[in-house]
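In: Fold the following for me, if possible:
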Amino acid sequence: MSKAKDQGSSFLLFNHLLKKQLLIVLGILLLTAQVRSQNLNYTRTVHKKLTSKSFHGRGYVKNGDGKAAAFIASQFSKNRLQAFNDDYFQQYSFPVNTFPGKIILSIDGVKLIPGEDFVISSSAPSVDGTFDLHFLPDTINNAESLLAFLKLTNLQNLFLVVEGDFRKLYGKTIPSIKGIILLTEKTPYWHVSNSGQVDSTIWLKIKKDRLPTDASTISLKAENVFIPNYPTQNVIAFIKGKKKPEHFVVFSAHYDHLGMMGNKTIYPGANDNGSGTAMLLDLARHYSQAENQPDYSIAFLAFSGEERGLMGSTFYAENPLFPLDQIELLVNLDMVGTGSEGITIVNSTVFPDLFNRFVTLNKKGNYLKEVKQRGESCNSDHCPFYQKSVQSIFIYTRGKEHLHYHTPLDNANDFPFTAYNGLFKLLTAVVEETEKQ
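Out: Next up, the predicted model:
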C-alpha cells in the first residue's frame, strides 16, 4: 500500500469515527433535552386517561373522583415523588347531591337529550310526573321581578318558563312552585356548586329552540341520591429541594369535574381541569429527574371538590401537610388547554413584582403571545391560600380553539394544548428565577 493510500484510509477512518462520536453526542444532547423539558406525548397520554369514560367525569357517581385520584397517585409513585404521610392521599368529606339513575324529560311527549338539550339543577329532589307549563312574560327577567310576581299570584304545582338573569335564585326553593325552566340560547352549562343540599323546587335549563312557545306539559323523571358525607381525597406529593428544602414552590390543580348527570351523560372535563392536572403531572415528572432537581422543594397538590365549591383546597389550607409560611409561590393551573391568545394571571395585580417576573421571562424566551394581568378573584383553588397570606396566583390560557365549558363536549377529541410547550417553559423559568430571590 502506498503512503498516499495509507493516509487516505486513515483520513476516512478518522472521519467515520468523528461522525460516530458526533451522533453519540447529539443523541445524548437530545435525550438530555427531552429529560429537561416538557413531554407533550406523556401529557396527552395522562390527559386521555383522565378524561376517559372509565373515570366517569371525575365526579361523585361511580366513584369517578376516587378512580382519578388513584391514577394520579400511581403517576406520583412511578416518578418516585415523596409523600408527606404514609401515602399520597389526604382524606376528607363533604355533602353532595347526585343523580346516578336515568333522567328522562319530554315536552308534550317529545324527548329531550340530557346534557345537550337540558340540565337539571344539582340541588333538585327526585321527581316523577307530568306537569303543566306556564310561560311568564318577558318583563319577568330576573330574580327580583319573579319574586314580586309570585307575591301577587297563587300558582302551584306547575313549571314556570322564564328567560333572563336568575343567578341569585337558581336552584333554590320557591314555595308552592314545582319547577322553573330557564331558557338558554346555547347548550346549557351544568354546575354542581349548589349540590350541597336538596331544595324542593326543580330548576331546569333548556335550550330555547327545544321548547316550543305553545308547549303545554313537561314530563320529568329523575332520582336523586343525597350523600351527607361523601368520602374523597386530595392527592399530595413533593420533591425535596437540594439546596433550600425548607422553601417550597407549589403547583396545584383540581382533578375533579362534574361527573355524571344521570346514568349516561358524562362530563369529561378535558379543559376543566384535565388540562391543568395533566400539566401538573408533567411538571412532577420533569422535576423528578435527577438532572432537574430544584433548589427549593416543590409540592404538587391535586385537589378534589373544586367544582363543588373549592372544597379540597379549602380543607388543605386549613389542614396543611407542611407550614404554609414555607410557600414562596403557589401557581394554580386551571383550564390551560388553549393559549393562542396567551395566558391570564389572576391575582397578578396583587403581586406586581411576580407579574413583572412572568412578563420579563416571557419576553426573553418568547414563550407566549401575551401574559395578561387580572385582579384578585376567588374563582379557583389559589383562593384559600391567598386568604392565608400565601403568594398565590391562578393561570389559565386564552384562545377560541376550544370554547367548550361545563358541557359533555369538553372532551379530549382533537384537544389543542396550543401553548403547552411555551407555558411549561415559562413556568420552569419562573421557578428557577424564584429560587434566586
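In: Break down this structure into its helices, ranges please.
Out: Counting by DSSP state H, the chain has helices at residues 3-35, 40-50, 64-78, 143-151, 276-288, 306-309, 311-318, 352-365, 383-386, 420-434.
In: now the spatially most central residue of the chain: how far from residue 174?
Out: Closest residue to the average C-alpha location of the chain: residue 273 at 1.8 Å, with Cα atoms, centre = their mean. According to Cβ to Cβ, to the nearest Å, residue 273 stands 33 Å off from residue 174. No exception for glycine: its C-beta is placed from N, CA and C like everyone else's.
In: try residue 421
Out: 50 Å.
In: rewinding a little: and the residue nearest to the centre of the chain, how far from residue 348?
Out: According to Cβ to Cβ, residue 273 stands 20 Å off from residue 348.
In: re the thing from before, which stretch in the helices of the chain is the model least sure about?
Out: Here those differ in mean pLDDT, and the lowest is helix 3-35 at a mean of 46.
In: Dump stretch 347-354 to PDB, keeping only the CA atoms.
Out: Below are the C-alpha coordinates for stretch 347-354, written out as PDB (Å, rounded to 0.1, in the frame of the first residue of the first chain):
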ATOM      1  CA  ASN A 347     -54.200  37.900  41.400                       C
ATOM      2  CA  SER A 348     -51.300  39.400  39.500                       C
ATOM      3  CA  THR A 349     -52.300  43.000  40.300                       C
ATOM      4  CA  VAL A 350     -51.900  42.000  43.900                       C
ATOM      5  CA  PHE A 351     -48.300  40.800  43.200                       C
ATOM      6  CA  PRO A 352     -46.900  43.200  40.700                       C
ATOM      7  CA  ASP A 353     -43.200  42.100  41.100                       C
ATOM      8  CA  LEU A 354     -44.200  38.500  40.400                       C
END
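In: Just give me the longest strand of the chain.
Out: What stands out as the longest strand in the chain, according to DSSP state E, is strand 225-239.
In: Show me what that one is packed against.
Out: Applying 3 or more Cβ pairs under 8 Å, 6 or more residues apart in numbering; DSSP states H and E, we find strand 225-239 packed against helix 64-78, strand 89-98, helix 276-288, strand 296-303, helix 311-318.
In: what angle do the fourth one and helix 311-318 make?
Out: The one in question is strand 296-303. Orientation check (axes from the mean of the first three to the mean of the last three Cα atoms, to 10 degrees): strand 296-303 against helix 311-318 gives 140 degrees.
In: In the sheet, which strands lie alongside strand 296-303, parallel or antiparallel?
Out: Its sheet considered, strand 296-303 pairs with strand 225-239 (antiparallel), strand 244-254 (parallel) by DSSP bridges.
In: Just tell me which of the ones you listed ends up closest to residue 383.
Out: The closest of these to residue 383 is strand 244-254. By Cβ to Cβ, the value is 10.9 Å.
In: what's the angle from that closest one to helix 276-288?
Out: 160 degrees.
In: What residues sit buried inside strand 244-254?
Out: 247-254 (16 or more other Cβ atoms under 10 Å).
In: mind putting these in JSON lines, pLDDT and distance to residue 99 included?
Out: As requested, those are arranged in JSON lines below (pLDDT from 0 to 100; distance: Cβ to Cβ, whole Å):
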{"residue": "247", "pLDDT": "98", "distance to residue 99": "45"}
{"residue": "248", "pLDDT": "98", "distance to residue 99": "40"}
{"residue": "249", "pLDDT": "98", "distance to residue 99": "40"}
{"residue": "250", "pLDDT": "99", "distance to residue 99": "34"}
{"residue": "251", "pLDDT": "99", "distance to residue 99": "33"}
{"residue": "252", "pLDDT": "99", "distance to residue 99": "29"}
{"residue": "253", "pLDDT": "99", "distance to residue 99": "26"}
{"residue": "254", "pLDDT": "98", "distance to residue 99": "21"}
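In: low pLDDT regions in the stretch 51-200 of the chain?
Out: Under the criterion pLDDT under 70, no range of the stretch 51-200 of the chain is flagged.
In: Walking through it, point out its strands one by one.
Out: Assigned by DSSP state E, counting those that start in this stretch, the stretch 51-200 of the chain shows strands spanning 89-98, 104-107, 110-111, 118-120, 127-135, 159-162, 179-184.
In: Quick check: which helices or strands does the second one pack against?
Out: Packing contacts for strand 104-107, counted by 3+ Cβ pairs under 8 Å, 6+ apart, involve strand 217-222.
In: How about the longest one?
Out: Contact analysis of strand 89-98 by 3+ Cβ pairs under 8 Å, 6+ apart lists strand 225-239, helix 311-318 as its packing neighbours.
In: Partner strands of that strand, with direction?
Out: strand 225-239 (antiparallel).
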